[in-house]
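Novice: Only the shape, not the letters, is given here:
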């Protein structure tokens with residue numbers, strides 16, 4: 001796991017990302033089925049979340065990574081403490 005957001009950002013930009021963000025999610029927040037027009041590569045840094053793609057749900061905690069190709073339908077659910085992840089988009 002990168003030690004800092006800056007390290008994550010710099011590495012992602014060097015690999016072709018066009019935007020790198022820190023996303024913070026409220027406790028128990030649910031994001032229903034949706035898509036994004038970009039590729040996303042993310043690292044969970046705090047809390048926990050459940051990511052469902054093609055009927056398969058992954059339980060992700062701090063230190064876990066996930067990737068989504070553009071236009072892939074997915075939904076997200078966040079844990080009792082919410083969650084934070086760093087995401088590189090391209």
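Specialist: Yes, it's here. On a predicted model such as this, the values are computed, not experimentally measured, just so you know. Residues are numbered from 1 along each chain as shown.
Novice: in what helix or strand does residue 13 lie?
Specialist: helix 5-14 (DSSP states H and E).
Novice: Which elements pack onto the helix or strand just after that helix?
Specialist: Per DSSP H and E, helix 5-14 leads on to strand 19-25 as the next helix or strand towards the C-terminus. Under the contact criterion of 3 or more CB pairs under 8 Å, 6 or more residues apart in numbering; DSSP states H and E, strand 19-25 touches helix 5-14, strand 40-53, strand 74-89. Where C-beta positions appear, they are placed from N, C-alpha and C, glycine not excepted.
Novice: Residue 68 is nearest to which of the ones you listed?
Specialist: Among these, the nearest to residue 68 by CB to CB is strand 40-53 (4.6 Å).
Novice: After the closest one, heading C-terminal, what element do we hit next?
Specialist: Per DSSP H and E, the helix or strand that comes after strand 40-53 is strand 56-61.
Novice: List the buried residues of that next one.
Specialist: residue 60 (16 or more other CB atoms under 10 Å).
Novice: mean confidence for that strand?
Specialist: In this model, strand 56-61 has a mean pLDDT of 98.
Novice: now the angle from it to strand 40-53?
Specialist: Per axes from the mean of the first three to the mean of the last three CA atoms, to 10 degrees, the angle that strand 56-61 makes with strand 40-53 is 130 degrees.
Novice: now strand 56-61, how far from the chain's geometric center?
Specialist: Relative to the centre of its chain, strand 56-61 is centred 11 Å away, using CA atoms, centre = their mean, to the nearest Å.
Novice: ok, and what's touching that strand?
Specialist: Contacts with strand 56-61, where a contact means CB atoms under 8 Å, 6 or more residues apart in numbering, come from 44, 47-52, 64, 66.
Novice: Farthest pair within those?
Specialist: Taking CB to CB, no two of those sit farther apart than 47 and 52, at 17.0 Å.
Novice: Looking at those two, which has the bigger crowd around it?
Specialist: Remark: of residue 47 and residue 52, residue 47 carries more neighbours, 19 against 14, as counted by other CB atoms under 10 Å.
Novice: pLDDT at the nearest residue to the more buried one once chain neighbours are set aside, what is it?
Specialist: Excluding its sequence neighbours, the residue lying closest to residue 47 (CB to CB, 6 or more residues apart in numbering) is residue 83, at 3.5 Å. For residue 83, the pLDDT comes out at 98.
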